[in-house]
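**Q** output the structure for:
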Amino acid sequence: MTGEDSGDGGDSADAESARDDRPANDRTASGEATGPSSNHTPEPRLVTRILVTWIELTLVGLTGTLLGATVGGPPGFIVYLVTTLVTVGILFYNVNELIRRWVLSTAEAS
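**A** Reported below is the predicted structural model:
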């Protein structure tokens with residue numbers, strides 16, 4: 001046992017080097033990338049966010065319409081109300097994402 005590692009913390013350096021052997025895209029995905037590209041936040045993409053919002057609203061609206069028409073009566077009205085709440089939630093979420101990215105990109109520029 002005289003030639004073996006005594007467990008004095010040498011393993012932590014090995015773990016560090018093993019983590020750095022991963023491809024750059026793995027480190028970027030886990031938020032561990034270093035360098036100038038790791039501080040770059042994505043710019044707000046208005047057209048993309050509008051398209052995603054439109055698709056989400058269309059899917060929710062069609063699904064709510066089909067479910068509400070199928071169920072009918074008072075339960076159909078509840079489905080209508082839930083569809084309206086989900087629609088408002090989708091709008092709030094997407095506007096929030098646009099504002100968040102805009103604030104991050106302007107904070108990075110200054």
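**Q** and E97, how far is that from I50?
**A** 12 Å (CB to CB, to the nearest Å). Backbone N, C-alpha and C define where each C-beta goes, glycine included.
**Q** of these two, who's got more company?
**A** Neighbours per residue, other CB atoms under 10 Å: of E97 and I50, the larger number sits with E97, 15 against 12.
**Q** show me what the helix or strand hosting L104 is packed up against.
**A** Counting by DSSP states H and E, the element that carries L104 is helix 73-109. For helix 73-109, the elements it packs on are helix 46-71, judged by 3 or more CB pairs under 8 Å, 6 or more residues apart in numbering; DSSP states H and E.
**Q** E43 in helix, strand or coil?
**A** The three-state label given to E43 by DSSP: H, G, I helix; E, B strand; the rest coil is coil.
**Q** touching, it and S105? I think so.
**A** Yes. Taking CB atoms under 8 Å as the definition, E43 is a contact partner of S105 at 5.0 Å.
**Q** re earlier: next, the buried residues of the helix holding L104.
**A** By neighbour count on 16 or more other CB atoms under 10 Å, the buried set for helix 73-109 is 76, 79-80, 83, 86, 90, 94, 98, 101.
**Q** list the contacts for the closest residue to V79 other than its chain neighbours?
**A** Leaving aside its sequence neighbours, V79 sits nearest to G68 (CB to CB, 6 or more residues apart in numbering; 4.1 Å). G68 makes contact with 76-77, 79-80, 83, according to CB atoms under 8 Å, 6 or more residues apart in numbering.
**Q** as JSON lines, these with pLDDT and distance to L59 would be great.
**A** Shown next, in JSON lines, are those (pLDDT from 0 to 100; distance: CB to CB, whole Å):
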{"residue": "G76", "pLDDT": "93", "distance to L59": "19"}
{"residue": "F77", "pLDDT": "93", "distance to L59": "21"}
{"residue": "V79", "pLDDT": "94", "distance to L59": "15"}
{"residue": "Y80", "pLDDT": "94", "distance to L59": "16"}
{"residue": "T83", "pLDDT": "96", "distance to L59": "11"}
